[in-house]
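*Asks:* Give me the fold of what follows.
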Amino acid sequence: LSDEFKEKIEDIIWERVELLKDLKENEMLINSTIKELQRRCKDYEKTKKEVESNERKLIELIESLDDELDIKSIYKDPVSYLFPGISDI
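*Replies:* You can find the predicted model right below:
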């Protein structure tokens with residue numbers, strides 16, 4: 001084989017080696033990105049559960065406050081509470 005042909009083959013081989021290095025770097029970057037996305041997904045699910053729990057607690061609190069307000073209005077003015085239209089007469 002001629003020296004020129006050998007050089008071309010060697011150049012092609014080095015180009016392939018560089019491409020393989022780039023591919024490996026890209027693979028590592030993709031894997032680290034996947035891991036980061038998985039971590040964020042877990043954090044999101046945890047936060048979502050906490051928000052849902054807080055939402056349930058707030059609903060329970062609002063309902064208990066509504067019940068308490070109803071009870072107070074019964075004691076303040078039982079007639080108007082039991083017969084809402086009577087005060088308009």
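*Asks:* so how far is D43 from L37?
*Replies:* As for L37, its distance to D43 is 11 Å (criterion: C-beta to C-beta, to the nearest Å). No exception for glycine: its C-beta is placed from N, CA and C like everyone else's.
*Asks:* Off-centre distance for the helix or strand hosting W14?
*Replies:* Using DSSP states H and E, W14 maps to helix 3-76. Taking C-alpha atoms, centre = their mean, to the nearest Å, the mean C-alpha location of helix 3-76 is offset from the chain mean by 7 Å.
*Asks:* show me where pLDDT drops low in the protein?
*Replies:* 68-75, 78, 81-82, 85-89 (pLDDT under 70).
*Asks:* and if we set it to 90?
*Replies:* With pLDDT under 90 as the threshold, the chain has low-confidence stretches at 1, 61-89.
*Asks:* quick one, what contacts the residue nearest to the spatial centre of it?
*Replies:* What sits nearest the mean C-alpha location of the chain, by C-alpha atoms, centre = their mean, is Y44, with 3.1 Å. Not one residue lies near Y44 by C-beta atoms under 8 Å, 6 or more residues apart in numbering.
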